[in-house]
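Enquirer: The sequence isn't on hand, but the structure is:
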């Protein structure tokens, strides 16, 4: 029997990942992207604020100030859309105690996202049997949204580890009400999706046993599905919700993880929006952290590593 879990979040003390599409570097300082999208008529704007979810407190203050400055002329016509998975009631999850059969695991992990969206619910539940559990929907860090209990536990753990490492986390520091803006859920709502997709979402955060010897190829299939769900499916849903929200608002702000930028950009530009890169937000440099900080040396390594693949800021 194997225990399998996909880790998608940055583990504090490990090196943050900066993709060349997202962050930029000047000297030994890293920055995160800010991009403005404008519709053809010029009367509707979207601000994508690429966020790293853990970092210096000052970074989150700078991000909030950038948003506040951008909305200073029309705060009453501006809306912030939050990020992640939201739910109400209960959703299904992978069981952390009853093993899923190797046959069921392979059948599910070999499917495409669109196939999982349409899997018959009774067939799916019969396939997994006791290896299928339930997650309650509880208030997340900050108390603004209900999310699956396994995800809230991950966010709480992430924030605790961030504090121990001498840094901050977005869920505690990035409170948009402090700059008097309206916020609405831009989260992918799990209860609107099939039980199979709910199960898939949980496999990113829940350790689950598999009976039998799954291969590396089996795990890679599941990893690919999760990447499609956490980035592509959420991007499509986010843009749909953004365009719907623009009917009642002139400006929408997306303070999302920076890895979502390429997909969001592709969809919006394809819909005729023009793109204007704005001055990026200073994330930090090694000198921002005290020697005692557990994050200090890890961040030094990330800056060194970034020199090899992160483009220079304009």
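Expert: Nice, I can see it. This one's a predicted model, so the numbers in the text were calculated from it and none came from an experiment.
Enquirer: going forward, measure contacts and count neighbours with C-alpha atoms only.
Expert: Will do.
Enquirer: what stretches of the stretch 1-150 of the chain score poorly on pLDDT?
Expert: Low-confidence segments of the stretch 1-150 of the chain, defined by pLDDT under 70: 1-22.
Enquirer: What segments of it are strands?
Expert: Here the stretch 1-150 of the chain has its strands, by DSSP state E, counting those that start in this stretch, at 2-4, 24-26, 29-38, 45-49, 54-55, 78-81, 85-86, 90-94, 100-101, 132-139, 146-148.
Enquirer: export those to JSON lines and tack on distance to residue 293?
Expert: Shown next, in JSON lines, are the strands of the stretch 1-150 of the chain (distance: least, Cα to Cα, whole Å):
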{"stretch": "strand 2-4", "distance to residue 293": "31"}
{"stretch": "strand 24-26", "distance to residue 293": "22"}
{"stretch": "strand 29-38", "distance to residue 293": "18"}
{"stretch": "strand 45-49", "distance to residue 293": "27"}
{"stretch": "strand 54-55", "distance to residue 293": "12"}
{"stretch": "strand 78-81", "distance to residue 293": "32"}
{"stretch": "strand 85-86", "distance to residue 293": "31"}
{"stretch": "strand 90-94", "distance to residue 293": "36"}
{"stretch": "strand 100-101", "distance to residue 293": "41"}
{"stretch": "strand 132-139", "distance to residue 293": "30"}
{"stretch": "strand 146-148", "distance to residue 293": "31"}
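Enquirer: want to throw these into JSON lines with distance to residue 176 and mean neighbour count?
Expert: Shown next, in JSON lines, are these (distance: least, Cα to Cα, whole Å; neighbours: other Cα atoms under 10 Å):
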{"stretch": "strand 2-4", "distance to residue 176": "36", "mean neighbour count": "14"}
{"stretch": "strand 24-26", "distance to residue 176": "25", "mean neighbour count": "22"}
{"stretch": "strand 29-38", "distance to residue 176": "17", "mean neighbour count": "21"}
{"stretch": "strand 45-49", "distance to residue 176": "13", "mean neighbour count": "23"}
{"stretch": "strand 54-55", "distance to residue 176": "17", "mean neighbour count": "24"}
{"stretch": "strand 78-81", "distance to residue 176": "8", "mean neighbour count": "22"}
{"stretch": "strand 85-86", "distance to residue 176": "18", "mean neighbour count": "22"}
{"stretch": "strand 90-94", "distance to residue 176": "27", "mean neighbour count": "23"}
{"stretch": "strand 100-101", "distance to residue 176": "41", "mean neighbour count": "22"}
{"stretch": "strand 132-139", "distance to residue 176": "17", "mean neighbour count": "18"}
{"stretch": "strand 146-148", "distance to residue 176": "17", "mean neighbour count": "24"}
